[in-house]
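Student: Please find the sequence and the predicted model below.
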Amino acid sequence: VYSEINMPPFDQSAMDGYALNGSNTSTFKIIGEIQAGDNASKIELKEGEAVRIFTGGMVPKTATTVVKQEITERIEHNVVILEAFEAGTNIRYTAEQINIGELALEKGAQLNAAAIGFLAMLGISSVSVFRKPKVRLLITGNELIAAG
């Protein structure tokens, strides 16, 4: 079974926090909010700007990182980052988990809860399956004798 989509399908926030542009400051102007399911493709963060973002939310292309909310303090229309952070953190990048056309489930793999959940996440609702054959021997007659 091969994936027909990228997963995630867009750069996605790995946690609740703030997507921001910049690293030379600890205070960012909040210009909006992005929830999971929102289309943020038209949001452009300028240097020193941030948006409140929730887990699974689309990260704006101009964001350099997502900082977790636990290391922030919101003061009116600004967010202050209280600890050091690195660029590129807390973002699940497009196709980081699986690419279009990549093998999602090998032939012969057992369909357990994890495999079914993974396929469902990829939008795959049915697959061809087969049951392991049950084999039984029925021996009749006296033409077989014990070894030795």
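Tutor: Thanks, I have the structure now. Numbers count the residues shown, from 1 in each chain.
Student: Start and end of stretch 100-112, how far apart?
Tutor: From its first residue to its last, stretch 100-112 covers 23 Å (CA to CA, to the nearest Å).
Student: and residue 92, what are its bridge partners?
Tutor: Beta-bridge partners recorded for residue 92 (DSSP bridges): residue 12.
Student: Give me the neighbour count for it.
Tutor: Around residue 92 there are 19 other residues, counting by other CB atoms under 10 Å. Using the backbone N, CA and C atoms, a C-beta is placed for each residue, glycine as well.
Student: Hmm, residue 7 and it touching each other?
Tutor: No: look at residue 92 against residue 7 with CB atoms under 8 Å: they stay out of range, at 9.1 Å.
Student: which residue packs closest to residue 99, ignoring adjacent ones?
Tutor: Of all residues not flanking residue 99 in the chain, residue 6 sits nearest, at 5.9 Å (CB to CB, 6 or more residues apart in numbering).
Student: Likewise for residue 86?
Tutor: Spatial nearest neighbour of residue 86, chain neighbours left out: residue 65 (6.9 Å); criterion: CB to CB, 6+ apart.
Student: what pLDDT does the one you found get?
Tutor: pLDDT for residue 65: 97.
Student: Check whether it really touches residue 18, as I assumed.
Tutor: No: in this structure residue 65 lies outside contact range of residue 18 using CB under 8 Å: 9.0 Å.
Student: wait, what's in contact with the residue nearest to residue 99?
Tutor: 94, 95, 98, 99, 100 (CB atoms under 8 Å, 6 or more residues apart in numbering).
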